[in-house]
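Chemist: A structural model of the following input is requested.
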Amino acid sequence: METAQAASNLIALQGIRKSYNLGLPSQTEVLHGIDLQIASREFVALMGPSGSGKSTLLNILGLLEPMTEGSYQLQGEEMRGMDDAGLTLRRRRMLGFVFQFHHLLPAFTALENVTLPAMMMEGRVSPKSLRHAQDLLADVGLAAAMHKRPAELSGGMQQRVAIARAVVQEPPLVLADEPTGNLDQASSAEVFGLLRRLHAERGISFLVVTHDAGLAARCDRRLEVVDGRLQKDTGPPSRPASAAQLIVPATMY
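Modeler: Numbers count the residues shown, from 1 in each chain. As a prediction, this is how the structure comes out:
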């Protein structure tokens, strides 16, 4: 039963701890034994005050920095102890990233930015990858802007390019760190609506870090990190409690 449950999880964290300055008098633990499961096709908000540890947790989930202790399984495969080459490969294949600031390459067009993951994975952009990127930009409403550079696009359009880049490889999970935090209200609503549509249509799971309680309320599940611990897990009543049980003890490409 436990094995079947583990296999059904996209993400399974157990006993995750993270310390900085190991072995020094200034050693500090910022995550204190986090257990968390995220299933496929979930749309999850991650909240918490500044300094709570949510950014560190997001970096561990994104395979951008290592945990100090614990287990992290991504689609049933253990990430702890994997070498840098293995982590890089899995990050490129299985994870997409959207940040508060779009991090588009300014010298590249929108289309070239979206084909970048294919270039990194395959060493070239195949005709199939190019068509897929073009179709995806059209899907996010940028068919007429795909040959423009970021400086020629509005903030909301730039973020839509970044979202297209994050999902172009069809990763099972996209990690979005304050994806609407740098946008006006109208653009914020537009971008969040796009994330929800991609989730519904493509079956991609999203973990969205946000300070916006209104936006978090529109997610299917809400997690709250306080002082390096997961304190709350609020989700739809229909989700079995066991699937979301939290036990709280003591570059990109």
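Chemist: how many residues are close by residue 23?
Modeler: 7 (other C-beta atoms under 10 Å). (Each C-beta comes from the backbone N, C-alpha and C, glycine too.)
Chemist: how about it, secondary structure?
Modeler: coil (DSSP: H, G, I helix; E, B strand; the rest coil).
Chemist: ok, it to residue 66 distance?
Modeler: Remark: distance between residue 23 and residue 66 (C-beta to C-beta, to the nearest Å) = 15 Å.
Chemist: where does residue 214 land on pLDDT?
Modeler: Looking at residue 214, its pLDDT stands at 86.
Chemist: same question, residue 148
Modeler: Model confidence at residue 148, given as pLDDT, is 96.
Chemist: element containing it, please.
Modeler: Using DSSP states H and E, residue 148 maps to neither a helix nor a strand.
Chemist: what's near enough to touch it?
Modeler: Residue 148 is in contact with 109, 110, counting by C-beta atoms under 8 Å, 6 or more residues apart in numbering.
Chemist: with just CA atoms, put stretch 202-218 into PDB.
Modeler: C-alpha atoms of stretch 202-218 as PDB (Å, rounded to 0.1, in the frame of the first residue of the first chain):
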ATOM      1  CA  ARG A 202      -2.300  19.900 -20.600                       C
ATOM      2  CA  GLY A 203      -2.400  18.100 -17.200                       C
ATOM      3  CA  ILE A 204       0.700  19.900 -15.900                       C
ATOM      4  CA  SER A 205       1.100  20.300 -12.100                       C
ATOM      5  CA  PHE A 206       1.800  23.800 -10.800                       C
ATOM      6  CA  LEU A 207       3.300  24.900  -7.500                       C
ATOM      7  CA  VAL A 208       2.900  28.700  -7.300                       C
ATOM      8  CA  VAL A 209       4.700  30.700  -4.700                       C
ATOM      9  CA  THR A 210       2.600  33.800  -3.900                       C
ATOM     10  CA  HIS A 211       2.000  36.400  -1.200                       C
ATOM     11  CA  ASP A 212      -1.400  37.200  -2.800                       C
ATOM     12  CA  ALA A 213      -4.100  35.600  -0.600                       C
ATOM     13  CA  GLY A 214      -6.700  36.200  -3.300                       C
ATOM     14  CA  LEU A 215      -4.600  34.400  -5.900                       C
ATOM     15  CA  ALA A 216      -3.900  31.500  -3.500                       C
ATOM     16  CA  ALA A 217      -7.600  31.200  -2.800                       C
ATOM     17  CA  ARG A 218      -8.100  30.400  -6.500                       C
END
